[in-house]
Each structure stands twice: as C-alpha cells, then as structure tokens.
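Enquirer: my questions concern the predicted model and sequence given below.
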Amino acid sequence: MLFQINPRYFIINPKISANFLQISASVSYLKSMKNSSSQTKITLYFDTRSAKIDGSNPIKVRIYHQGKERLVPTGLACPADFWIFGDSKNEEFSKAMSKGEIRYASVQLHNSRRFNNDVRRCIDQAEEVADYVLSQPRPVSIDAFRDLIAQKFATPGVEMKSLGKRHTGLKEGFDAKIKEAELGGDWGNRKVYVDALAVWNDYLEAVHKTNDILLTEIDLNFLKGFEQYCKSDKRGGGQGMKPNSISVHLRCLRHIINRAIQDPKDVMTQEHYPFTGYKLPANKTLKRAIDKDAVSKIRNVHLEPNSQLWHHRNYWLFMFNNQGMNLIDLANLKRNQIEGSKLVYSRIKTRGKATFSISLTEESMEILNAYGYKKMKPEELVFPFIKDIYSTHGSEYVYATYRNRIGNHNKWLRELAKVAKVEDKLTSYVARHSWASIGFSMFESIDAIGQGLGHASDPKVTKVYAKDLTLNRMDEINHAITSR
C-alpha cells in the first residue's frame, strides 16, 4: 500500500514507494507516516468493535484534526476474513504492492473489484473535503469537518462550495414563512401562505409522487407543470383555478426562493432561480370602479340613521374620501390616528411601509362626528366594524372575525347599490378603484394616483386600477375629436 505525502494531511495513494509504509496489523488500516508533524490526517478504520448481522464489520474514515479524532461511516462493510490489514506477511497484500496496486479487500470477496473501487471513492471524497477545509480562511472544527465528509458521502455530486450549507426544501421554506407571519401577528399573510402550501403539497403528491422537493430542484418545467395542474383542476371537483389564483401561489413560491437565495447559509443561488423567462398567469382585470354620478347617488340616498345600510355606507364613503383607504385599515382605525384635521396612519398590508397624512374632507368629518370620535379614548377603535371583539380577543381571532365580516359588509353594499339605483357592482374594494379611476380621469397622472394609493414605488400596480378607465378616456377623446 502506497502513500502520497501532503504537508497538511495524509491519504492513501498508489504512487509512492512502499518503503514509506508503516505496516500495522491493528484494526486501523494505517495511522500515519513516520515522524510526521502534520496536524490533519485521514486514514481508513476497520471497525472490529461491532459486527453487522451478516458478520461483516463497518469501514470508516478516521479524521485526525486539531488534536482530536472522529470517525465517519462510509456505509461499506467487509467480513474480517477478507479485509487486508496491510500486513507484510499477507501474500495477497505483498503481490498487490509489487504490482503497484491498492487492495483493501481480498479478491476472494464477491465483487471485490467494485468493493475496492467504492472504498477508493470514499477516500477520494474525504481528500477533496480535506482540501476544501484546509483552504478556508477560518479554522474548521473537527465536528464540522466530520459533518462535511458525511455530507459528501451522502451526496457525492454536491459541489464543494455547497458543502455545509442548508438545502432548503419547499415545505421547510413555506413553514418558516408561516411561522414568521404568526410571530408577527400577520394573520392575513399567514393565510395566503398556508393556502398556497396546501396546493403545492397536492401538486407534489399528485404529479411528482412525493411530499417535498428541494428548492434547487425546481425548474421552469416544474413551474409550468404546476400551472397546468391548477388549470386542469386535477385536485378534483368543478373547474380549474383562475389564473390570478394560480399566480398568488406562484408568487408565494417565488418569495420563498428569493429568501433562500439571499440567505448566505443556503446552497440556493441566483443560478438556481427558476422564474427566469416565466410569466405569471393573470386574468384581465375586470372593471371595479364607479363614476362620480354613481358616488353622488350613494351619497344622496336617504337612509335611517344607525341602520345597517347607514353604517356600511359610512364605511364606504370614508374609504373613498381618504384616497381609497383599505377596509382593514378602516376597521382598525384608532382615535389617536386622527390628529386635528388630519388622518395619520400606516397601511396594515404593507406593514408600515406606506404611511399617510391626509387632510380630512368635510364629508369625512361628518362621518367621524356621527360616531362621536371626540369623546373616544386614544386607543379606542373609531368604527364599530370589529369594535365588539377587538379588546377582548387575541389578534388571530380578531383577524378571522374581520375576514368573516367582509362578506357581510359586501352583502350590505349590494343592497345599498339597489337602494341607490347604482347599476355597477358595489364592494369595499370599489371605493379604492373608484378613487383611482376618477382621479386618473381628472389628472391623467399615474405617479400622483400611485402616491395616493401607496403604490408610488411601483407604478405598474397603479395601472391595474386605471387600465379600464384609460380605455374609456381614449373613447371620450376620440368622440370629442370626431364629433360634428
């Protein structure tokens, strides 16, 4: 058996003369070279301390590093009668030495050639890891060294730069995001990711026959397959998903992948990014805005004070008056967010990234006065939308109740539209779209409307609100030009 001398470690190699050998008949295949001052050594270890059920003994790699030793199982085993210890009295060993061969197990062992090649491969992999470890700018502990070799044995094809890094699975990525949302009390975002994970799990089990996949294994075909799966509704029952719903689940995955790429401890890199060249499916955005005449009808219809219709109209008009305020922000509006004639608040959806300071209109002040806001405590909710449970229940229950009451709110808005003789569908979100559309018709400024909506950083989002009106505005211009 022959060895290569490395200034940093020793490893079995057939290219050096047998005179360098330190022959040993012990259970350790070879410990080290004579008079070595190296601090890192890698040798084979034939473990006779415990035998497997078939009578064979495990073969391990012994690491000596930083004055400590660790053993790493190779997954290979050999009966003691067929294992060559490097004894000079062993005739088979002597013949192998004279031919410049390396032989770990006797030729009498079944499939000895393949077995010896497997042992050689483990040594080569350990040597590759040793080169990597000793090239690092910072010292690597013996336990980390052991774990890296074990990872290399388990995944031989892994690149050295990926050793020791996290290989995040799809489920693990989603679970981390869901837990983060729970800790932050972001129940809306949590629901989005929980729902998305359920669909991804169905796809993996139905199409790929597995319950998880590494993020690095996801490619363009995987994304296209998911889209087709959702469209065909192989999940069962009724029609397939609408493109916008599919897009939500894909955006969730994209966010998980981007998080992994940004994590220096994750093996995921930009090279693995699967969304390059892929366009998210989307429906044409339906018209969800009403014009100023329809808004006037809603304002002018007589309603009984303190009736359900009266309350829900107040909610809608307050949102419309305040730059298309979101319903969730109205439901959570506190007295201390009204500072004199200003409404000062941060959008819940953006987690404080979009903040507003809006001069309250006369109509807004009338609505606030109707609820006696001046007599309220600073932390008290202004509107009764979730006021009855806000201070007596946890945030998760409050959010779930809010979600349930959205449907009830929209039901009353449909009734309001009938009473006011507004033909267009009326929902809470129509207030936001209507503000954007009417504003764009008057100013034709994407930037201005985007700023009012809190979309200043992404004008593409604002265009969704103004798209239909842009087409209508073009018709008006064309009629004006061509009219007689």
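Expert: Yep, that arrived.

Enquirer: please determine how far the closest residue to Leu197 other than its chain neighbours is located from Lys349.
Expert: Distance criterion C-beta to C-beta, 6 or more residues apart in numbering; nearest residue to Leu197, sequence neighbours excluded, is Phe174 at 4.3 Å. Any C-beta I mention is one placed from the backbone N, CA and C, and that applies to glycine too. Taken as C-beta to C-beta, to the nearest Å, the spacing of Phe174 relative to Lys349 amounts to 20 Å.

Enquirer: the more surrounded of the two?
Expert: Neighbours were counted for Phe174 and for Lys349 using other C-beta atoms under 10 Å; Phe174 has more, 21 against 14.

Enquirer: the helix or strand that contains that one packs against which elements?
Expert: With elements delineated by DSSP states H and E, Phe174 resides in helix 170-183, which encompasses its position. When contacts are defined as 3 or more C-beta pairs under 8 Å, 6 or more residues apart in numbering; DSSP states H and E, helix 170-183 sits against helix 187-207, helix 243-262.

Enquirer: tabulate the ones you listed (TSV), appending mean pLDDT, mean neighbour count and distance to Thr392.
Expert: Putting the helices and strands packed on helix 170-183 into TSV (pLDDT from 0 to 100; neighbours: other C-beta atoms under 10 Å; distance: least, C-beta to C-beta, whole Å) gives the following:
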stretch	mean pLDDT	mean neighbour count	distance to Thr392
helix 187-207	93	17	17
helix 243-262	94	18	32
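
Enquirer: right, and those helices - which one's nearest Leu309?
Expert: Minimum separation from Leu309 across the helices and strands packed on helix 170-183 (C-beta to C-beta) falls at helix 187-207, 27.2 Å.

Enquirer: wait, which of the helices and strands packed on helix 170-183 is closest to Phe320?
Expert: Phe320 lies closest, by C-beta to C-beta, to one member of these: helix 187-207, at 22.2 Å.

Enquirer: name the residues that touch the helix or strand just after the closest one?
Expert: Tracing the chain past helix 187-207, the next element assigned as helix or strand by DSSP H and E is helix 220-232. For helix 220-232, contacts defined as C-beta atoms under 8 Å, 6 or more residues apart in numbering pick out 199-200, 203, 206-207, 213, 235, 240-241, 243, 245-246, 249-250, 274-278, 281.

Enquirer: centre of the chain to helix 220-232, how far?
Expert: In terms of C-alpha atoms, centre = their mean, to the nearest Å, the gap separating the centre of helix 220-232 from the centre of its chain is 18 Å.

Enquirer: what's the answer for stretch 138-145, then?
Expert: Here the centre of mass of C-alpha atoms in stretch 138-145, compared against the chain's by C-alpha atoms, centre = their mean, lies 30 Å away.

Enquirer: next: stretch 341-351.
Expert: Using C-alpha atoms, centre = their mean, the offset of stretch 341-351 from its chain centre is 27 Å.

Enquirer: in that stretch, what's buried?
Expert: 343, 345, 347-348 (16 or more other C-beta atoms under 10 Å).

Enquirer: cool, stretch 261-273 as well?
Expert: Within stretch 261-273, the residues that qualify as buried by neighbour count (16+ other C-beta under 10 Å) are 261, 266-268, 272-273.

Enquirer: likewise for stretch 71-87?
Expert: Within stretch 71-87, the residues scored as buried using 16+ other C-beta under 10 Å are 72-74, 76-79, 82-86.

Enquirer: which of the residues you listed fall in strands?
Expert: Restricting the buried residues of stretch 71-87 to those inside strands, with DSSP state E as the criterion, leaves 72-74, 76-78.

Enquirer: any chance of those residues in CSV, with pLDDT and distance to Trp435 too?
Expert: Below are those laid out as CSV (pLDDT from 0 to 100; distance: C-beta to C-beta, whole Å):
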residue, pLDDT, distance to Trp435
Val72, 95, 65
Pro73, 94, 67
Thr74, 94, 68
Leu76, 94, 71
Ala77, 94, 74
Cys78, 93, 78
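
Enquirer: make sure Arg70 is indeed in a strand.
Expert: Yes - in this structure, Arg70 lies within a strand as judged by DSSP: H, G, I helix; E, B strand; the rest coil.

Enquirer: beta partners of it?
Expert: Arg70 has the following beta-bridge partners by DSSP bridges: Ile63.

Enquirer: residue contacts, it?
Expert: For Arg70, the contacting residues are 62-63, 142-143, 145-146, taking C-beta under 8 Å, 6+ apart as the criterion.

Enquirer: return the set of buried residues in the top helix by length along the chain.
Expert: Ranked by residue count under DSSP state H, the longest helix found in the chain is helix 395-420. Within helix 395-420, the residues that qualify as buried are 398-399, 401-402, 406, 409-410, 412-413, 416-417, 420, counting by 16+ other C-beta under 10 Å.

Enquirer: now, among those, which is nearest to Tyr193?
Expert: Distance to Tyr193 across these (C-beta to C-beta) is lowest for Tyr399, with 14.3 Å.

Enquirer: identify the residue nearest that closest one in space, chain neighbours excluded?
Expert: Nearest residue to Tyr399, sequence neighbours excluded (C-beta to C-beta, 6+ apart): Trp187, at 3.8 Å.

Enquirer: you'd agree the one you found is up against Glu396?
Expert: Yes - taking C-beta atoms under 8 Å as the definition, Trp187 is a contact partner of Glu396 at 5.4 Å.

Enquirer: check which helices and strands the host helix or strand of Tyr132 sits against.
Expert: According to DSSP H and E, Tyr132 maps onto helix 112-134. Under the contact criterion of 3+ C-beta pairs under 8 Å, 6+ apart, the helices and strands touching helix 112-134 comprise strand 10-12, strand 40-46, strand 57-65, strand 68-78, helix 142-154.

Enquirer: okay, now the domains of the chain?
Expert: For the chain, whose domains are defined here by automatic domain parsing, the residue ranges read 3-162, 170-272, 292-481.

Enquirer: pick out the shakiest of the ones you listed, pLDDT-wise.
Expert: Averaging pLDDT over each of the domains of the chain singles out domain 3-162 as the lowest, with a mean of 73.

Enquirer: burial count for Thr48?
Expert: Neighbouring residues of Thr48 were enumerated by other C-beta under 10 Å; the total is 12.

Enquirer: that one touches Pro79, doesn't it?
Expert: No - taking C-beta under 8 Å as the contact criterion, Thr48 and Pro79 are not neighbours in contact, 11.2 Å apart.

Enquirer: who touches both of those two?
Expert: By C-beta under 8 Å, 6+ apart, Thr48 and Pro79 have these common neighbours: Asn57.

Enquirer: list the contacts of the closest residue to Ala331 other than its chain neighbours.
Expert: Distance criterion C-beta to C-beta, 6+ apart; nearest residue to Ala331, sequence neighbours excluded, is Phe385 at 4.1 Å. Residues touching Phe385, when contacts are defined by C-beta under 8 Å, 6+ apart, comprise 315, 327, 330-331, 402, 405, 409.
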